[in-house]
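>>> Quick one, fold the following:
(one chain, ligands or ions: 1)
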Amino acid sequence: MSAPTAVRPTEDELQAQFDATIAADRRIEPRDWMPEKYRAGLVRQIAQHAHSEIIGMQPEGDWLLKAPSLRRKAVLLAKVQDEAGHGMYLYSAAETLGADRADLTDKLVNGKQKYSSIFNYPTLTYADCGVIGWLVDGAAICNQVPLCRSSYGPYARAMIRVCKEESFHQRQGYELLMTMMRGTDAQRAMVQDAVDRWWWPSLMMFGPPDDDSPNSAQSMAWGVKRHSNDELRQRFVDMSVPQAEALGVTLPDPELALDETTGRYRFGQIDWTEFKQVISGNGPCNEERITRRRAARDDNAWVTEAATAYAAKHSA
Ligand code: FAQ
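From the prediction side, this is the model:
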């Protein structure tokens, strides 16, 4: 008698299994079947996220040699290194979906994949480092804490550690700003100027408004995103206003006001034309950021080659 042959599930059965996993709010893992659009959508978002962490090292990295004390240099260096680590976890998560890390970097430097709009603005003074910690890491936390419950296992798990580290970054930024606000008039003016320049770009980090967000509906139906862009933006505004008051800075929005009925802050119109310009490569620093990333890839190619050859020799 011949051994029974395993019956392969049909595409419909696999789809039904995937749908049931999503409906039950369980995780999809790399070994599981998934629709091609789910896989491609995740690679898109995770790659963009990874690129953001890596490009995001540049604005603050510019201040490593100019930070005013050994302590401040050590803190900033640790933070910038953390961002590199986040990029690595995220590229690893993308690899579990079959993406190739070198190919993703090529797509970034060739303008075929995006990275966060926020990193295309310059860091003009040291106060910008504090404001990036407070507002940019603050926005990143708002956006990324729900991603710890994302339906794709490796992405969700990577986010847990990333969020813990981002929370620490946010506190160090706020502590730096508090110290400056207790300093001289010139230091307070520097903080206010940095807040004025970073506030609106921080709101843009959450992406376009919900009615102009082509990926949101599907991404939320699949449990990749858990909240809409506008919901998370509102959460960030509500969180930041009292923090600004405690710090003693004003936020550059004359329309910012508490809505007594909802308990939430109303805010002014975001300049979506500027956002579109920045994400299509025409922001103040896009060219500089990509040029530097391309040079890092090319100048350090020999390190990758040597490490690959060493690994191959040892596994042989
Ligand atoms: N910048 O349909 P949606 C950080 C694109 S990490 C550039 O709404 P989706 C840590 C979007 O890709 C910051 N592009 O898209 C740190 C899409 O283009 P595509 C990064 C943007 O995916 C701190 C198109 O617009 N965080 O800060 C932006 O549903 C300090 C239509 O948009 C993440 O990546 C933008 N701001 O929602 C490091 C978090 N917004 O691909 C150093 C994960 C939208 O169709 C120092 N990502 N686009 O050509 C997400 O949560 C989502 O992908 C959103 C966008 C919310 C960013």
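
>>> Could you report the distance from Tyr310 to the ligand?
Separation of Tyr310 from the ligand (Cβ to the nearest ligand atom, to the nearest Å) stands at 30 Å. Where you see a C-beta, it was placed from the backbone N, CA and C, and this is true even at glycine.

>>> Renumber starting at 39 from here on
In the new count, where the first residue is 39, that last one comes out as Tyr348.

>>> which one's the longest helix in this structure?
Assignment by DSSP state H gives helix 191-219 as the longest helix of the chain.

>>> Strands of the protein, start to end?
295-297, 302-304 (DSSP state E).

>>> which of the ones you listed sits most buried?
Mean neighbour count, computed with mean count of other Cβ atoms under 10 Å, is highest for strand 302-304 among the strands of the chain, reaching a mean of 15.

>>> Please state the offset of that one from the chain centre?
Its chain's C-alpha centre and that of strand 302-304 lie 24 Å apart, by Cα atoms, centre = their mean, to the nearest Å.

>>> same question, stretch 253-266
16 Å.

>>> tell me the mean pLDDT for it?
In this model, stretch 253-266 carries a mean pLDDT of 97.

>>> That one spans what distance, first to last residue?
Stretch 253-266 stretches 10 Å from its first residue to its last (Cα to Cα, to the nearest Å).

>>> in it, what counts as buried?
Using 16 or more other Cβ atoms under 10 Å as the test for burial, stretch 253-266 gives 254, 257, 260-266.

>>> Does Ile92 touch Glu121 like I think?
Yes. Using Cβ atoms under 8 Å as the test, Ile92 is close enough to Glu121 to be in contact (7.4 Å).

>>> overlap in contacts of the two?
Common neighbours of Ile92 and Glu121 (criterion: Cβ atoms under 8 Å, 6 or more residues apart in numbering): none identified.

>>> residues in contact with Gln151?
Under the criterion of Cβ under 8 Å, 6+ apart, the neighbours of Gln151 are 82, 85-86, 89, 142, 145.

>>> again, only this time at 6 Å
Counting by Cβ atoms under 6 Å, 6 or more residues apart in numbering, Gln151 touches 85, 145.

>>> near the ligand too, which of the buried residues of stretch 253-266?
Counting by Cβ under 6 Å from any ligand atom, 254, 257, 263 from the buried residues of stretch 253-266 sit close to the ligand.

>>> Mark which of these are part of helices, please.
Taking DSSP H as the definition of helices, these contribute 254, 257.

>>> Next, find the distance separating Asp234 from the ligand.
Taking Cβ to the nearest ligand atom, one finds Asp234 at 19 Å from the ligand.

>>> Quick check, central residue of the chain?
Nearest to the geometric centre of the chain sits His87, at 4.8 Å (Cα atoms, centre = their mean).

>>> For that residue, give me its contacts.
Contacts for His87 (Cβ under 6 Å, 6+ apart) come out as Leu128.

>>> Residues of the stretch 189-338 of the chain that sit close to the ligand?
242-246, 251-254, 257, 263, 267, 317.

>>> Rebuild these as CSV, extending it with distance to Val229.
Below are those laid out as CSV (distance: Cβ to Cβ, whole Å):
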residue, distance to Val229
Met242, 21
Met243, 20
Phe244, 23
Gly245, 27
Pro246, 29
Ser251, 32
Pro252, 37
Asn253, 35
Ser254, 34
Ser257, 36
Lys263, 33
Asn267, 28
Ile317, 28
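
>>> Where does the prediction get shaky in the stretch 39-188 of the chain?
The model of the stretch 39-188 of the chain has pLDDT under 70 over residues 39-42.

>>> What residue in it comes nearest to the ligand?
Ranked by Cβ to the nearest ligand atom, the top residue of the stretch 39-188 of the chain for proximity to the ligand is Gly94, at 2.7 Å.

>>> what's the closest of the ones next to the ligand among the buried residues of stretch 253-266 to Ala165?
Ala165 has its nearest neighbour among those in Lys263, at 32.4 Å by Cβ to Cβ.

>>> Can you report how many residues neighbour Asp250?
By the measure other Cβ atoms under 10 Å, the count of residues near Asp250 is 11.

>>> pLDDT score assigned to it?
Value listed for Asp250 in the pLDDT field: 97.

>>> mind listing what it touches?
So Asp250 contacts nothing (Cβ under 6 Å, 6+ apart).

>>> Next up, phi/psi of Ser251, please.
phi -120, psi 90 (degrees, to the nearest 10).

>>> For Asp291, which residues are in contact?
305-306.

>>> one more time with 8 Å, if that's ok
Contacts of Asp291 by Cβ under 8 Å, 6+ apart are 237-238, 305-306.
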